[in-house]
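# sequence and predicted structure, then a few things I'm wondering about:
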Amino acid sequence: MTRKSAQIPAAALPELAQGRLLTVEQAAERLNTSVRFPRRLIAERRITFVHVGRNVRIPEAALEAFIAAGLVEPITTRRRRAV
């Protein structure tokens with residue numbers, strides 16, 4: 001049985017699904033991790049991904065959003081000098 005894919009206009013796609021699509025290997029390289037980590041993110045639905053036929057791709061914008069969500073700002077405190 002064959003599935004017919006509906007053509008969806010680019011304007012109707014979510015913002016994170018537009019732009020460059022990365023393979024799991026490219027995403028892993030970008031995150032400096034093994035391939036297993038992005039695959040786990042996909043399996044746990046913690047990152048947006050796109051099915052292209054049987055292949056899985058991660059939008060570059062979704063990867064950037066994932067990285068930004070995990071960003072922790074440093075705490076800056078003033079230390080007083082002991083007199």
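Cool, the structure landed. Please read these numbers as outputs of a predicted model, since none were measured by experiment. Numbering: from 1, shown residues only.
# residue nearest the centroid of the protein?
Taking C-alpha atoms, centre = their mean, the centroid of the chain lies closest to residue 63, which sits 2.4 Å from it.
# surely that one is within a strand?
No - per DSSP: H, G, I helix; E, B strand; the rest coil, residue 63 lies outside any strand segment and is helix.
# biggest strand in the chain by residues?
Identified as the longest strand of the chain according to DSSP state E is strand 55-59.
# doesn't residue 22 make contact with the residue nearest to the centre of the chain?
Yes - using C-beta atoms under 8 Å as the test, residue 63 is close enough to residue 22 to be in contact (6.5 Å). To be clear about C-beta, it is placed using only N, CA and C from the backbone, and glycine gets the same treatment.
# which residues does residue 37 contact?
Contacts for residue 37 (C-beta atoms under 8 Å, 6 or more residues apart in numbering) come out as 28, 31.
# host element of it?
Element membership for residue 37, per DSSP states H and E: helix 36-43.
# what residues sit buried inside that helix?
Under the neighbour-count criterion of 16 or more other C-beta atoms under 10 Å, helix 36-43 has 38, 41, 42 buried.
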